[in-house]
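Visitor: Below is the sequence, then the predicted model.
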Amino acid sequence: MDNFSRATLAANKVLTSSRYLELRKQRYASFDSGAGVEFEAGKLSLEKLAEIGASVGVPGLTSGKQELYEAIINQAL
């Protein structure tokens, strides 16, 4: 089996048999409402983004869960 085929099978397994999609949805939940939707649609100017950033302040630290994503991919391989 060539590498492309193996990678395609692994990607399919990650997308259909793991928590990857759920985790991704949780990570980017802020893009599903309010200013996040406007940003994603390209409707916010740089000035508006600066206003939002100034009003919200410094965001709290959130784990990127890098090791979890790596484990999901390694299990698929």
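Guide: Looks like it arrived, so ask away.

Visitor: name the element the residue nearest to the spatial centre of the chain belongs to?
Guide: With distances taken as CA atoms, centre = their mean, the residue of the chain nearest its centroid is R24 (4.3 Å). When elements are assigned from DSSP states H and E, R24 belongs to helix 20-27.

Visitor: buried ones in the following helix or strand past that helix?
Guide: Using DSSP H and E, the helix or strand that follows helix 20-27 in sequence is helix 34-40. For helix 34-40, a neighbour-count test (16 or more other CB atoms under 10 Å) marks A35 as buried. Every C-beta, even on glycine, is put in place using the N, C-alpha and C of the backbone.

Visitor: what's the offset of the helix or strand just after helix 34-40 from the middle of its chain?
Guide: Remark: after helix 34-40, the chain's next helix or strand is helix 46-56, criterion DSSP H and E. Relative to its parent chain, helix 46-56 has a centroid offset of 22 Å by CA atoms, centre = their mean, to the nearest Å.

Visitor: Moving along the chain from helix 46-56, name the first helix or strand you hit.
Guide: Next along the chain after helix 46-56, taking DSSP H and E as the criterion, comes helix 66-76.

Visitor: shaky segments in this structure?
Guide: Applying pLDDT under 70 to the chain flags residues 1.

Visitor: For stretch 39-57, output the C-alpha coordinates as CSV.
Guide: Extracted C-alpha coordinates of stretch 39-57, given in CSV (Å, rounded to 0.1, in the frame of the first residue of the first chain):
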residue,chain,number,x,y,z
PHE,A,39,-14.9,37.6,11.8
GLU,A,40,-15.2,34.2,10.0
ALA,A,41,-17.3,35.8,7.3
GLY,A,42,-14.7,38.6,6.8
LYS,A,43,-17.1,41.3,7.9
LEU,A,44,-14.9,42.8,10.6
SER,A,45,-12.4,45.6,9.9
LEU,A,46,-9.0,45.7,11.6
GLU,A,47,-10.2,48.6,13.6
LYS,A,48,-13.3,46.7,14.9
LEU,A,49,-11.1,43.7,15.8
ALA,A,50,-8.8,46.1,17.8
GLU,A,51,-11.9,47.5,19.6
ILE,A,52,-13.1,43.9,20.5
GLY,A,53,-9.6,43.0,21.7
ALA,A,54,-9.3,46.1,23.8
SER,A,55,-12.7,45.5,25.4
VAL,A,56,-12.2,41.8,26.1
GLY,A,57,-8.7,42.1,27.4
